[in-house]
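A.B. asks: Got a sequence here, can you build the structure:
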Amino acid sequence: MISSQKIDEISNKIREIVNSSPLADVEKNMSALLKGVFTKMELVSREEFDVQTEVLRNTRQKLVLLEAKLAALEALTQAAMAANKETEQGK
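C.D. replies: Numbers count the residues shown, from 1 in each chain. Here you go, the predicted model:
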């Protein structure tokens, strides 16, 4: 049976070999490559997406309210113009 000390020595040797080999560089290069690709794709974080979704929701609510106010003002304007026209015709 192999002793625990020998297993530790072998494990350390493997770790040294991996750290000194191109494998460590490959991981760093892959990470940099993926970050570059994601940046070019203009991806956003989930948090930023959720914030923008909430902004859009609020903007839509305000738009609905403004459209209702505009419709009410247009109706008042038309009613005032009609009343003014009737007054002018009655003279």
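A.B. asks: any idea how far the residue nearest in space to the middle of the chain lies from residue 36?
C.D. replies: Centre of the chain computed as the mean C-alpha position; nearest residue by CA atoms, centre = their mean is residue 49, 2.3 Å away. Look at residue 49 and residue 36: by CB to CB, to the nearest Å, they are 21 Å apart. Where you see a C-beta, it was placed from the backbone N, CA and C, and this is true even at glycine.
A.B. asks: outside of the least confident helix or strand in the chain by mean pLDDT, which residues touch it?
C.D. replies: Sorting the helices and strands of the chain by mean pLDDT, DSSP states H and E puts helix 22-40 at the bottom, at a mean of 77. The contact list for helix 22-40, computed with CB atoms under 8 Å, 6 or more residues apart in numbering, reads residue 18.
A.B. asks: if we go to 10 Å?
C.D. replies: Identification of contacts with helix 22-40 by CB atoms under 10 Å, 6 or more residues apart in numbering yields 17-18, 43-44.
A.B. asks: Lowest-confidence entry in those?
C.D. replies: Lowest pLDDT within those is found at residue 18 (72).
A.B. asks: Give the burial count for it, as a bare number.
C.D. replies: Neighbourhood size, residue 18 [other CB atoms under 10 Å]: 11.
A.B. asks: any idea which helix or strand carries it?
C.D. replies: helix 4-20 (DSSP states H and E).
A.B. asks: before we move on, what about residue 44?
C.D. replies: Here residue 44, judged by DSSP H and E, is contained in no helix and no strand.
A.B. asks: neighbours around it, how many?
C.D. replies: 12.
A.B. asks: by contact count, what packs against the helix holding residue 18?
C.D. replies: When contacts are defined as 3 or more CB pairs under 10 Å, 6 or more residues apart in numbering; DSSP states H and E, helix 4-20 packs onto no helix or strand at all.
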